[in-house]
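1. just a sequence and a predicted model for now, questions to come.
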Amino acid sequence: MDHVEYVYTVGMDDDTVDDYLRRGNHGVLALADANDAYAVPLSYHYDGDRFLLRVSSHDDASEKRRYLDATDTATFVCFAAAADESWSIHVRGPVDEWSGTADETTLNEWFPPFRLFDEAVEDVTFVLYELDVETVVGRRTAD
């Protein structure tokens, strides 16, 4: 592979990972059910103690809900890739419905505006899930 372009990456220390996660607000949640995989872009809120995911809920039979219920260990990936800088963070652990509460003002502070896809606003509700962080690994472009 003499002519393939590449970029060196290095691991992030805990403080750098924490900083990137606090500044971010979106990524991709990867779930699994036996041999079937499912990944969905979601907004998140991380405050250093909790890693919360905002999941839209339309009915109890949703595909997201089915995979959330079937997954023992989920992976959430946050990333950015530009020509001169890139980074990625993998957060792994079990995901369960969050037992806390948050009013609409707090939700608007924690999460960016929700993107609707052919849904009426009044038909969309949210359920917050907490990813219990068991492992987190971050990499970034080397200096």
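-> Sure thing, it's come through. Here the structure is a predicted model, which is why all the values come from computation and not from measurement.
2. now the element after the helix ranked longest in the chain, going C-ward?
-> The longest helix of the chain (DSSP state H) is helix 14-23. Sequence-wise, the next helix or strand downstream of helix 14-23 (DSSP states H and E) is strand 26-33.
3. could you list every residue that touches the closest residue to Thr9 other than its chain neighbours?
-> Distances taken as C-beta to C-beta, 6 or more residues apart in numbering place Arg139 nearest to Thr9, at 4.6 Å, with adjacent residues excluded. Glycine gets a C-beta too; all of them are placed from N, C-alpha and C. Contacts here follow C-beta atoms under 8 Å, 6 or more residues apart in numbering; on that basis Arg139 touches 9-12, 87-89.
4. of those residues, closest to Thr75?
-> Nearest to Thr75 among these: Ile89, at 10.5 Å, using C-beta to C-beta.
5. how close does the closest one sit to Glu104?
-> As judged by C-beta to C-beta, to the nearest Å, Ile89 and Glu104 stand 28 Å apart.
6. can you pick out the residue with more neighbours from these two?
-> Ile89 (21 against 8; other C-beta atoms under 10 Å).
7. bridged to the more buried one, which residues?
-> With DSSP bridges as the criterion, Ile89 is bridged to Cys78, Gly138.
8. could you check how far it is from Glu122?
-> Distance from Ile89 to Glu122, by C-beta to C-beta: 35 Å.
9. now do Ala74
-> Counting by C-beta to C-beta, the gap from Ala74 to Glu122 is 29 Å.
10. ok, the two, which is more surrounded?
-> Between Ala74 and Glu122, Ala74 has the larger neighbour count (other C-beta under 10 Å), namely 20 against 6.
11. surely that one touches His90?
-> No. In this structure, Ala74 is not within contact of His90 by C-beta atoms under 8 Å, at 10.6 Å.
12. next one: phi and psi at Tyr129?
-> phi -110, psi 150 (degrees, to the nearest 10).
13. and what about Trp87, helix, strand or coil?
-> Following DSSP: H, G, I helix; E, B strand; the rest coil, Trp87 is assigned to strand.
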